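**Student:** Sequence and predicted structure, then a few things I'm wondering about:
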Amino acid sequence: MTGSIVGSRLSRRRFGMLSGVALSSGLLPARLSAQEPINLAVIGPMNGSNAVGGEMVVRASKLAVEDVNAAGGIHALNGAKLNLIIADSTDNAQGAITTTERVLSQQKIAGVFGLVISPLTAAAIPALIKHRVSVITASTADSLVTPANGGYLFMIGPTGSALGRVAVDFVRASNTAKTTNVTKAAILYINNAYGQSAQKGVEKLVRESGIDVVLNSAYPENMTDASPLVTKVARSGADVLFPLSDVTDAGLILTALHSARSKVLVFGAGSGFTWPPIGQSLGEKVNGLFGAAAWNWDMKNVVSDPKLVNVTTRYEKVYGGYMPEQAGEAYGAMWMFALAMEKTASADSEKLRDALATMKVTSGYPTIIQPGLVEFGANGANPNVKAVMIQWQGGKPRTVFPPELATHQILTPH
């Protein structure tokens, strides 16, 4: 494998240094020969409050690139190897714009995976269109999937509204099965593109389910104290709370709920409720917590395929923990780029974009994405993907809904 980055393990402390090294290898010729390495870029926050998302996508992208190269590289291009370019977008929109522009200007990039958080992805789209390079993203804001993006954005996982919908469907199913008795709901959502789109979907579906919405409150990004929000929830009399949060805010909300000894059921619909830091910070308290996930390591389509089980097992062995949500999506995305190169016998970014828009993948490593089928519609969305509900059991998120993807029974929270 070429490139100094791909060959070494990453720690969060090294992300900032690595992004500079990745971009120092110089300009490549305008056209790639068959034997030259093919650059794929991972751009996302490698420091700051969302660094855990950047960390997981880098790890999984490295694993996928290593697997492609170990299998002989891109066969249609005489075994050309993939090379991973890693760049820190920072944790703000301007950083995403600047970094994306720099990466695409200084390197010949076949495709991008990133930028982890929806506002960063939205900010980077003009640069991607300008350089005619497609991005596969695990970001979830509904506003991202639109023909206005010129066909350069592909969302491999479910939208934010789909994440909200699966949480409500789960509550409805639990009420029907008499696992829960929910009549009043509170919604707390982060005031950004993801939170706003998810909130609309959750509120609509909650009301359609015959559940009263007794609290519907936005909170600002970079919140430092969730106690006032928890007080609002208690005063509302809600039976269930839908927090639409990122990983940092989710931890603040759950910690405040535990401190207040709240008995409200928590059905998270944001990445914060499925990522490792929640389990690490709450310990045994995390068990029983529900969350909506864009991907989970033990879904039925994964555990029923030995080669995919091997991927999640190797990830856990190398990195010391289960394969998280966006890691699974990053792994599948890298293989989608590789299959597009095989289909077109090209590393040209525009040809890859056209291939991604027309591919329907039902076998191979991209089927790590549920339900085992990946294709993209005219708006860039993956129409087949299903959001899932997880419940933390034994210190890991386990898939409990919908039935066709579930591998574990629901444990009734106490």
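**Tutor:** Looks like it arrived, so ask away. Source: prediction; values computed, not measured.

**Student:** for this structure, which spans come out with low pLDDT?
**Tutor:** In the prediction, the chain carries residues with pLDDT under 70 at positions 1-34, 269-270, 413-414.

**Student:** right, and residue 132 touches residue 351 too?
**Tutor:** No - with contacts defined as Cβ atoms under 8 Å, residue 132 does not count as touching residue 351, sitting 10.4 Å away. All C-beta atoms are positioned from the backbone trio N, CA, C, and that covers glycine.

**Student:** out of the two, which sits in the busier spot?
**Tutor:** Of the pair residue 132 and residue 351, residue 351 is the one with more neighbours under other Cβ atoms under 10 Å, namely 16 against 13.

**Student:** Please name the residues that touch that one.
**Tutor:** Listed by Cβ atoms under 8 Å, 6 or more residues apart in numbering, the contact partners of residue 351 are residue 344.

**Student:** where's it, which helix or strand?
**Tutor:** Secondary structure here is read from DSSP states H and E; on that basis residue 351 sits in helix 349-358.

**Student:** same thing with residue 125?
**Tutor:** Using DSSP H and E, the element containing residue 125 is helix 118-131.

**Student:** quick one: contacts of that helix?
**Tutor:** Looking at what lies outside helix 118-131 - Cβ under 8 Å, 6+ apart - the contacts are 43-45, 89, 91-97, 99-101, 104-105, 109, 112, 114-115, 134-135, 137, 139-141, 143-144, 149-150, 152-153, 160, 192-194, 349.

**Student:** if we can go back for a sec, the helix holding residue 351: how far from the chain's middle?
**Tutor:** Mean-position distance between helix 349-358 and its chain equals 22 Å (Cα atoms, centre = their mean, to the nearest Å).

**Student:** That one: which residues count as buried?
**Tutor:** By neighbour count, and taking 16 or more other Cβ atoms under 10 Å as the criterion, the buried residues in helix 349-358 are 349, 351, 352, 353, 354, 355, 356, 357.

**Student:** Same question for stretch 276-289.
**Tutor:** Using 16+ other Cβ under 10 Å as the test for burial, stretch 276-289 gives 276, 278, 279, 282, 286, 287, 288, 289.

**Student:** Skipping adjacent residues, who's closest to the third one in space?
**Tutor:** Nearest residue to residue 279, sequence neighbours excluded (Cβ to Cβ, 6 or more residues apart in numbering): residue 286, at 4.9 Å.

**Student:** doesn't residue 277 make contact with that neighbour?
**Tutor:** No - under the criterion of Cβ under 8 Å, residue 286 is not in contact with residue 277, lying 10.2 Å apart.

**Student:** so what's the residue most central in space within the chain closest to, chain neighbours aside?
**Tutor:** Nearest to the geometric centre of the chain sits residue 326, at 3.3 Å (Cα atoms, centre = their mean). Counting by Cβ to Cβ, 6+ apart, residue 326 lies nearest to residue 138, which is 4.4 Å off, once chain neighbours are set aside.

**Student:** Next, count neighbours for the one you found.
**Tutor:** 31.

**Student:** residues in contact with it?
**Tutor:** Taking Cβ under 8 Å, 6+ apart as the test, what residue 138 contacts is 57, 113, 116, 155, 156, 157, 294, 325, 326, 329, 330, 333.

**Student:** Now do the helices in the stretch 51-200 of the chain.
**Tutor:** Under the criterion DSSP state H, counting those that start in this stretch, the stretch 51-200 of the chain carries helices at the ranges 51-70, 93-106, 118-131, 160-176, 193-208.

**Student:** Dump the ones you listed to TSV, plus mean neighbour count.
**Tutor:** Putting the helices of the stretch 51-200 of the chain into TSV (neighbours: other Cβ atoms under 10 Å) gives the following:
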stretch	mean neighbour count
helix 51-70	24
helix 93-106	20
helix 118-131	22
helix 160-176	22
helix 193-208	21
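
**Student:** Of all those, which one is nearest residue 271?
**Tutor:** With respect to residue 271, and counting by Cβ to Cβ, the nearest of the helices of the stretch 51-200 of the chain is helix 51-70 at 7.1 Å.

**Student:** For residue 185, name its beta-bridge partners.
**Tutor:** Using DSSP bridges, the bridge partners assigned to residue 185 are residue 213, residue 240.

**Student:** What degree of burial does it show, as a neighbour count?
**Tutor:** Summarising burial for residue 185: neighbours were counted as other Cβ under 10 Å, giving 27.

**Student:** My understanding was that it contacts residue 242; is that so?
**Tutor:** Yes - with contacts counted by Cβ under 8 Å, residue 185 reaches residue 242, the gap being 6.3 Å.

**Student:** show me where the stretch 201-350 of the chain has strands.
**Tutor:** Here the stretch 201-350 of the chain has its strands, by DSSP state E, counting those that start in this stretch, at 212-219, 240-244, 265-268, 290-293.

**Student:** between those strands, which gets nearest to residue 175?
**Tutor:** Closest to residue 175 of the strands of the stretch 201-350 of the chain, according to Cβ to Cβ: strand 240-244, at 9.9 Å.

**Student:** The closest one to helix 160-176, inter-axis angle?
**Tutor:** 170 degrees (axes from the mean of the first three to the mean of the last three Cα atoms, to 10 degrees).

**Student:** list the helices and strands strand 240-244 packs on?
**Tutor:** When contacts are defined as 3 or more Cβ pairs under 8 Å, 6 or more residues apart in numbering; DSSP states H and E, strand 240-244 sits against helix 160-176, strand 184-190, helix 193-208, helix 247-259, strand 265-268.

**Student:** secondary structure class for residue 379?
**Tutor:** At residue 379, secondary structure determined by DSSP: H, G, I helix; E, B strand; the rest coil is coil.

**Student:** any idea how far residue 279 is from the residue located most distally from the centre of the chain?
**Tutor:** Ranking residues of the chain by C-alpha distance from their mean position (Cα atoms, centre = their mean) puts residue 235 at the top, at 33.4 Å. Plainly put, residue 235 is 29 Å away from residue 279 if you go by Cβ to Cβ, to the nearest Å.

**Student:** just residue 308 next, same as before
**Tutor:** Following Cβ to Cβ, the distance that separates residue 308 from residue 279 is 22 Å.
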